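Participant: With the input below, show me the fold.
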Amino acid sequence: MTDPANDHVGLTDTFASRRYFRKFEGITVHLLRVAANMEADGAVSKEEVKIISRYLSGLLYTFRALSMKYLLVGRDTGRFFGSLNMDKRDSGFPVAAELLTMANDAQQAQRHLANMPSEAELKDDMVRTIIGQQQVPTKLQFALSQRQYYEELLKGELFWARNDPECLWIGNDGDRRRFMLHWAVYDSQINLPVIYLMELEDSGKTTLPKDQRRWPEVQAHLMAQSMAGLKLLTIAKGFDQDFDDLHPKSLKRIHVGPMYSSAYTEQSGPLRRVLAEAEAPEGQDWALAWTTEELASEQVIEERAGWFSTVEREVFALDPFGGQGAETGTTRMQRSIILPQRPFQVLAEQNPPGFGDVRKFVVSATGQVLRY
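Facilitator: Residues are numbered from 1 along each chain as shown. Below is the predicted model:
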């Protein structure tokens, strides 16, 4: 057994840390454009792309907050505050503990800000230190960066380690209400953000979001099952069995990542060689995987429930090709990769095995997204 912590590394160099955050901010902006491109292709619906874009925006705000927290890493600030801990092998993202710490900081952000000088006061002190003492005001810069970190946390709308389920009404089917449930987690086993989308029919007497009994139970159930190691079929069937008047018609899971970068990660395989040979300039030496798993109900059967009643149960369609559906627990799985132009050119030239059925989204600095 290997210790996963051996794959974690702290970014202790100031410039390496700042380049890392700039890279991820650029990647996240590209992802928002890719999501819109997927909607245009019909891969996701208009409602789904709104939900996905919201979680991607949350990731952007999370990275922005962390960049403020670690802005002065590697400098003598007068106190030890650590460095960003990232997963260099399995994901390229920060480790889950960073988001857990951030959530704790958010609970106390107001108290920290109340005891800090204002931004204007800190900047005035910086000017006096530079002009009067002719010194770099590192400690004041650190104080300002921490103030901006807590201010970002107070703004909210970040991607947390747990983003509890929300319920969106999408219409009625006869006397049944149709809802889109969505939630997300930062999976601690793989250090990646994972987004879930479930479409269901509600045949209960009280509409699901207003049901004081069912809705808390649904939220707790779904969060407990939100692990990358569980198959979608296992999650959907468990939900179907536990809630007789809720009927899951489809379930999607989106893995955002891993992120590959020749400057930061040590993943093996074709992409590592592609990025090394591309020799792309700063900010363009990366590739990001994006995997969508889908499970859909193909029919409904009735099961006996007690002596005199029956309940509906969903029968889910599994991918019939090569028996992979039973293995993966999905109806279909689509792998995608997002990367800048130069790494894509090298990937196209090398054409490594295993990438034939992978959708390639090529992004440019001007905001264009091309799909291959």
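Participant: which intervals of this structure have sub-threshold pLDDT?
Facilitator: 1-6, 76-81, 267, 306-307, 320-326 (pLDDT under 70).
Participant: neighbours around V300, how many?
Facilitator: Neighbour count for V300, taken as other C-beta atoms under 10 Å: 12. Quick note: C-beta positions are derived from backbone N, CA and C, even for glycine.
Participant: Which residue is the nearest non-sequential neighbour of it?
Facilitator: Among residues not flanking V300 along the chain, E312 sits closest, at 5.2 Å (C-beta to C-beta, 6 or more residues apart in numbering).
Participant: helix/strand/coil for the one you found?
Facilitator: Put simply, E312 is strand when judged by DSSP: H, G, I helix; E, B strand; the rest coil.
Participant: Might one say that it is in contact with S297?
Facilitator: No. When contacts are counted by C-beta atoms under 8 Å, E312 is not listed as touching S297 (10.3 Å).
Participant: anything in contact with each of those two?
Facilitator: Both E312 and S297 are in contact with H247, where contact means C-beta atoms under 8 Å, 6 or more residues apart in numbering.
Participant: Next up, the contacts around R359.
Facilitator: 334-337, 371-372.
Participant: who wins for neighbours among those?
Facilitator: I337 (21 neighbours).
Participant: Surely that one is in contact with V358?
Facilitator: Yes. In terms of C-beta under 8 Å, I337 counts as a neighbour of V358; the distance is 5.6 Å.
Participant: E312 and S297 - which one has more neighbours?
Facilitator: A side-by-side neighbour count of E312 and S297, using other C-beta under 10 Å, places S297 first with 21 against 15.
Participant: Can you spell out which residues form a bridge with the more buried one?
Facilitator: Beta-bridge partners recorded for S297 (DSSP bridges): F316.
Participant: And the helices in the stretch 101-250 of the chain, which stretches?
Facilitator: Using DSSP state H, counting those that start in this stretch, the helices of the stretch 101-250 of the chain run over 109-114, 119-132, 138-155, 214-224, 232-242.
Participant: So for D173, which of these sits nearest?
Facilitator: Proximity to D173 (C-beta to C-beta) singles out helix 232-242 among the helices of the stretch 101-250 of the chain, at 17.0 Å.
Participant: Can you spell out which helices and strands pack onto that closest one?
Facilitator: Here helix 232-242 touches helix 214-224, strand 246-261, strand 286-305, strand 309-317, going by 3 or more C-beta pairs under 8 Å, 6 or more residues apart in numbering; DSSP states H and E.
Participant: Turn those into JSON lines, including distance to L31.
Facilitator: Output for the helices and strands packed on helix 232-242, formatted as JSON lines (distance: least, C-beta to C-beta, whole Å):
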{"stretch": "helix 214-224", "distance to L31": "24"}
{"stretch": "strand 246-261", "distance to L31": "7"}
{"stretch": "strand 286-305", "distance to L31": "7"}
{"stretch": "strand 309-317", "distance to L31": "29"}
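Participant: which one of these is the most hemmed in?
Facilitator: strand 246-261 (a mean of 22; mean count of other C-beta atoms under 10 Å).
Participant: domains in the chain, as residue ranges please.
Facilitator: 4-155, 162-371 (automatic domain parsing).
Participant: mind checking which helix or strand I338 is in?
Facilitator: Counting by DSSP states H and E, the element that carries I338 is strand 332-340.
Participant: name the helices or strands packed onto that strand?
Facilitator: Partner elements for strand 332-340 (3+ C-beta pairs under 8 Å, 6+ apart): helix 14-41, strand 286-305, strand 359-363.
Participant: Whichever helix or strand comes after the last one pairs with which strands, parallel or anti?
Facilitator: Meaning strand 359-363. Next helix or strand after strand 359-363 toward the C-terminus (DSSP H and E): strand 369-371. Strand 369-371 pairs in its sheet with strand 359-363 (antiparallel), by DSSP bridges.
Participant: thinking A236 is in contact with L295, fair?
Facilitator: Yes. In terms of C-beta under 8 Å, A236 counts as a neighbour of L295; the distance is 5.6 Å.
Participant: joint contacts of these two?
Facilitator: Common neighbours of A236 and L295 (C-beta under 8 Å, 6+ apart) are 251, 316.
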